[in-house]
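Colleague: model this:
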Amino acid sequence: MCSNGQYYTGSTNDLERRLEQHLNGEGANFTKKNPPVELVYCEEFDRIDEAFHREKQVQGWSQAKKDALIKSDNNKLHELAECKNITHFRNNPLKAGTSTHLDSAR
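Modeller: So this is what the prediction gives:
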């Protein structure tokens, strides 16, 4: 968990570089204020607009729903989606390209 107990969700076209930026206190204010960063989940997309859409979707989720995503607990994801009357996302296999990621700090 980050020092504030939350996840950072972002997207990038160079995951290794972006993680390095977070670790060096560069980039997002969230990770500057709540270091250090550890990658706990990643999805890859062929197109940046898909990654950005997914980033915004996950950013709107509760901590419990993000935990279920990280743990690949599809039953819990469906349960949490039904609580809000939202359809569960399509679980895509990893694709090359742009990624959306969740980071936590310890």
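
Colleague: in the protein, which spans are helices?
Modeller: In the chain, the helices defined using DSSP state H lie at 15-23, 29-33, 48-59, 63-70, 74-83.

Colleague: so which of these comes closest to V40?
Modeller: helix 63-70 (5.3 Å; C-beta to C-beta). (Glycine included, C-beta is placed from N, CA and C.)

Colleague: Touching that closest one from outside, list them.
Modeller: 5-7, 9, 40-41, 58, 61, 73-74, 76-77, 80-81, 102 (C-beta atoms under 8 Å, 6 or more residues apart in numbering).

Colleague: Closest one of these to G27?
Modeller: Taking C-beta to C-beta as the measure, T9 is the one of the contacts of helix 63-70 closest to G27, at 13.2 Å.

Colleague: Give me the neighbour count for T12.
Modeller: Using other C-beta atoms under 10 Å, T12 has 19 other residues around it.

Colleague: ok, now F52?
Modeller: 15.

Colleague: Report the separation between it and V37.
Modeller: Noted for F52: a distance of 20 Å to V37, by C-beta to C-beta, to the nearest Å.
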